[in-house]
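Colleague: structure of the sequence below:
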Amino acid sequence: MPGGRLTQRERQQIALGLADGLAYAEIARRLERPTSTVTREVMRNGGPSAYRADLAHRASEQRAHRRRQAPPRVPQTPPQVHGRDAGAVRAYEEMFTALLMSQGLPRMMARVLTRLYTTDAGSLTASELARHLQVSPASVSKAIAFLEGQGLVRREREEGRRERYVVDDDVWYQSMMASARGTAQLADTARQGVGILGQGTPAATRLENIARFVDFVSEAIARAAEQAREVLHTKPEEG
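Modeller: Numbers count the residues shown, from 1 in each chain. The predicted structure follows:
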């Protein structure tokens with residue numbers, strides 16, 4: 001299986017695969033590369049609709065040149081608790097980040113959310129996030145603002161002015177309920193078009209069917225979230 005940096009030919013194959021509508025996993029299989037490698041490559045260079053092989057390769061060469069010019073930096077690996085393997089944890093964080101990116105989350109937001117998920121405390125300060133991700137506090141602040149707007153994190157103020165960013169047991173429940181509300185709003189908007197376009201016309205019928213479908217999905221999401229909410233507060237049984 002090939003390793004190391006992607007070649008220009010591989011980037012051209014990625015561009016062709018995207019143009020053909022292939023999934024990241026299929027493109028990766030043809031290249032004999034991990035799916036996460038292809039996902040990171042595409043999301044780092046404009047996403048599937050804007051990816052250009054020549055521009056991506058040039059950007060990669062420029063990054064490599066800057067790394068060669070920069071003084072070597074010794075990564076600070078914090079001691080691992082519970083006997084965890086630091087390398088395995090890093091690899092898992094990269095995989096989780098790539099998954100979140102493939103679902104539409106911007107890279108920095110995905111990195112911040114992954115780090116919060118994989119921290120035992122479920123909360124970190126801006127400086128802790130910046131230190132672990134090796135980015136600026138401003139980048140962390142921007143990512144948190146986005147994630148907070150999506151209902152995926154919340155803030156807690158400690159003594160003094162320092163804030164902690166938290167993912168708690170109810171974050172996914174709140175996110176699901178927000179999704180259900182947004183879906184219900186789509187149904188309401190679709191129904192408004194029925195009267196405007198004329199009851200019984202093909203366009204109005206299409207919108208009415210969309211509204212009925214979306215209503216069903218919205219109610220199912222909300223009902224399932226309510227029924228499963230206690231799972232978020234349950235400690236898994238040890239086998």
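Colleague: from here on, just use CA atoms for contacts and neighbour counts.
Modeller: Will do.
Colleague: end to end, how far does stretch 22-37 reach?
Modeller: 15 Å (C-alpha to C-alpha, to the nearest Å).
Colleague: quick one: buried residues of that stretch?
Modeller: When burial is assessed from 16 or more other C-alpha atoms under 10 Å, stretch 22-37 yields the following buried residues: Tyr24, Ala25, Ile27, Ala28, Leu31, Arg33, Pro34, Thr35, Ser36, Thr37.
Colleague: restricted to helices, list those.
Modeller: Here DSSP state H is the test, and those give Tyr24, Ala25, Ile27, Ala28, Leu31, Thr35, Ser36, Thr37 as lying in helices.
Colleague: could you pull out the helices for this structure?
Modeller: 8-19, 24-31, 35-44, 53-69, 86-102, 107-117, 126-133, 137-149, 171-197, 202-228.
Colleague: any chance of those helices in a markdown table, plus mean pLDDT and distance to Glu158?
Modeller: Converted to a markdown table, those look like this (pLDDT from 0 to 100; distance: least, C-alpha to C-alpha, whole Å):
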| stretch | mean pLDDT | distance to Glu158 |
| --- | --- | --- |
| helix 8-19 | 92 | 46 |
| helix 24-31 | 91 | 42 |
| helix 35-44 | 88 | 35 |
| helix 53-69 | 83 | 37 |
| helix 86-102 | 88 | 27 |
| helix 107-117 | 92 | 17 |
| helix 126-133 | 91 | 12 |
| helix 137-149 | 90 | 17 |
| helix 171-197 | 85 | 20 |
| helix 202-228 | 91 | 31 |
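Colleague: export the ones you listed to a markdown table and tack on distance to Lys235?
Modeller: Shown next, in a markdown table, are the helices of the chain (distance: least, C-alpha to C-alpha, whole Å):
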| stretch | distance to Lys235 |
| --- | --- |
| helix 8-19 | 42 |
| helix 24-31 | 33 |
| helix 35-44 | 30 |
| helix 53-69 | 44 |
| helix 86-102 | 22 |
| helix 107-117 | 16 |
| helix 126-133 | 27 |
| helix 137-149 | 26 |
| helix 171-197 | 16 |
| helix 202-228 | 14 |
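Colleague: how does this structure divide up, domain by domain?
Modeller: Listed domain ranges for the chain are 8-60, 86-166, 171-233 (source: automatic domain parsing).
Colleague: for the most centrally placed residue in the chain, what are its contacts?
Modeller: In the chain, the C-alpha nearest the mean C-alpha coordinate belongs to Leu100, at 2.5 Å (C-alpha atoms, centre = their mean). Leu100 makes contact with Ala110, according to C-alpha atoms under 8 Å, 6 or more residues apart in numbering.
Colleague: from Pro106, how far off is it?
Modeller: Going from Leu100 to Pro106 by C-alpha to C-alpha gives 8 Å.
Colleague: cool, Arg206 as well?
Modeller: From Arg206 to Pro106 the distance is 33 Å (C-alpha to C-alpha).
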